[in-house]
Each structure stands twice: as C-alpha cells, then as structure tokens.
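Participant: 3D, please:
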Amino acid sequence: MLDIGWAELLIIGVVALIVVGPKELPALFRTVGQFTGRARAMAREFHRSLENAADQTGVADVAKSVKSATRFDVDTDPAPTQQNKPAARTNDGRKAAEPAPTPTSAEVEPTPGASAGNS
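Facilitator: Presented below is the predicted three-dimensional model:
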C-alpha cells in the first residue's frame, strides 16, 4: 500500500504541529484515525464481497483442482511397478532402450528333443 516510514511520519507530525497547533492536534489525530478506520472497514467489506463472488463462481474449486493436478506425491507408491515406473532417459533426452523382461519358470517352454537325461 503506502510505503511510509518513521521518518516520513515524523515530518508529517511536525508539520501538523506547526500548521494546526498543539491545541487542535489531538482532535485532528482523532478525526484522521476515524477516517482511516472507516476506510479500512470499507476496504475489508469490499475484499469480503470479492471473495464471496469468487466462491459463488467456483474459482476456489478450480484452484483446488489445479493445485491437486500439479502436486506430485512420491510417497503414494513406494515400490513402483514396471507399468508406472518413469521411462529412463539418456543424456540427450531420448528414451533409453528398455531391457527385455526375464521370463519366469512357468513361461519357459522346454525345447523339443532336449531332455535332461541326454548329454
């Protein structure tokens, strides 16, 4: 908002003391305080009405869905499977060649003519 430091406030106070005078200064500060209080109340009410309008239009739901869509939670699946594991990349950004999966013993078929007894 207004970037007024202590030095500026001191200068304003001294000028007000000289211009208005010491007798009228408390009444002036009271009037300025009441004015700033009303201005803050109006700004607060305006802010609340904007928030209510945004809530009625569904902005909060859209913001929540965007936030949930961009969130990446690593702890959801500590042991990634082959299907949801990210693809390996080479240094230049291309997809690396995936190693062939090793077959299980149930998937291996014996070759015809090969027997355990023939050496």
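Participant: helices or strands next to the strand or helix carrying residue 8 in the packing?
Facilitator: According to DSSP states H and E, residue 8 maps onto helix 6-20. Packed against helix 6-20 by the contact rule (3 or more Cβ pairs under 8 Å, 6 or more residues apart in numbering; DSSP states H and E) you find helix 25-57. Every residue, glycine included, has its C-beta placed from N, CA and C.
Participant: what's in contact with the helix or strand of the chain with the lowest mean pLDDT?
Facilitator: Using mean pLDDT, DSSP states H and E, helix 59-70 stands out as the lowest-scoring helix or strand of the chain, at a mean of 80. Contact with helix 59-70 is made by residue 54, as judged by Cβ atoms under 8 Å, 6 or more residues apart in numbering.
Participant: low-scoring pLDDT stretches of the protein, where are they?
Facilitator: Along the chain, the parts satisfying pLDDT under 70 run over 1-2, 72-119.
Participant: Between helix 25-57 and the helix holding residue 8, find me the angle.
Facilitator: Relative orientation of helix 6-20 and helix 25-57, computed by axes from the mean of the first three to the mean of the last three Cα atoms, to 10 degrees: 130 degrees.
Participant: Now do helix 6-20: everything it contacts.
Facilitator: With contacts defined as Cβ under 8 Å, 6+ apart, helix 6-20 is touched by 25, 28.
Participant: before we move on, what about stretch 23-35?
Facilitator: For stretch 23-35, contacts defined as Cβ under 8 Å, 6+ apart pick out 16, 17, 20.
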